[in-house]
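A.B. asks: Let's see this in three dimensions:
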Amino acid sequence: MNTQRLRSSRVFTISFPEELAKQVIAVADEESRNLSELFREAFRTYQAERIQRRRMATRRIAAERRSRQGPQDEIVRVADKTSDE
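C.D. replies: Just a heads-up that it's a prediction; the model follows:
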């Protein structure tokens, strides 16, 4: 009989230089967390910041495009002047 358990999570193996590993363990200990909790929160924070950076980049690109287009009333004025000629 196959009684294989299904996991609701995945296991990752990561490596750190020794000095950084000591810092990770110290933070986890200070916050009374295990390493999995610490890294889950770190990833969620990274992901939120990544989304924010993408949004800011998109807004910056949109603003640059708008500034290259010039004011809408100027476009209409130039178009009217051209059609009068």
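A.B. asks: When you work out contacts or count neighbours from here on, use the C-alpha atoms and nothing else.
C.D. replies: OK.
A.B. asks: does residue 10 count as helix, strand or coil?
C.D. replies: coil (DSSP: H, G, I helix; E, B strand; the rest coil).
A.B. asks: ok, how many other residues are close to residue 55?
C.D. replies: Residue 55: 12 surrounding residues under other Cα atoms under 10 Å.
A.B. asks: Check this protein for its longest helix and report it.
C.D. replies: helix 35-69 (DSSP state H).
A.B. asks: if I look at the residue nearest the centre of the chain, how far off is residue 38?
C.D. replies: Nearest to the mean C-alpha position of the chain, counting by Cα atoms, centre = their mean, stands residue 50 at 1.1 Å. Computed as Cα to Cα, to the nearest Å, the residue 50 to residue 38 distance reads 18 Å.
A.B. asks: Check residue 39 and give its pLDDT.
C.D. replies: We have a pLDDT of 97 for residue 39.
A.B. asks: number of nearby residues for it?
C.D. replies: Neighbour tally, residue 39, other Cα under 10 Å: 14.
A.B. asks: Contacts only, for it.
C.D. replies: Shown in contact with residue 39 (Cα atoms under 8 Å, 6 or more residues apart in numbering): no residues.
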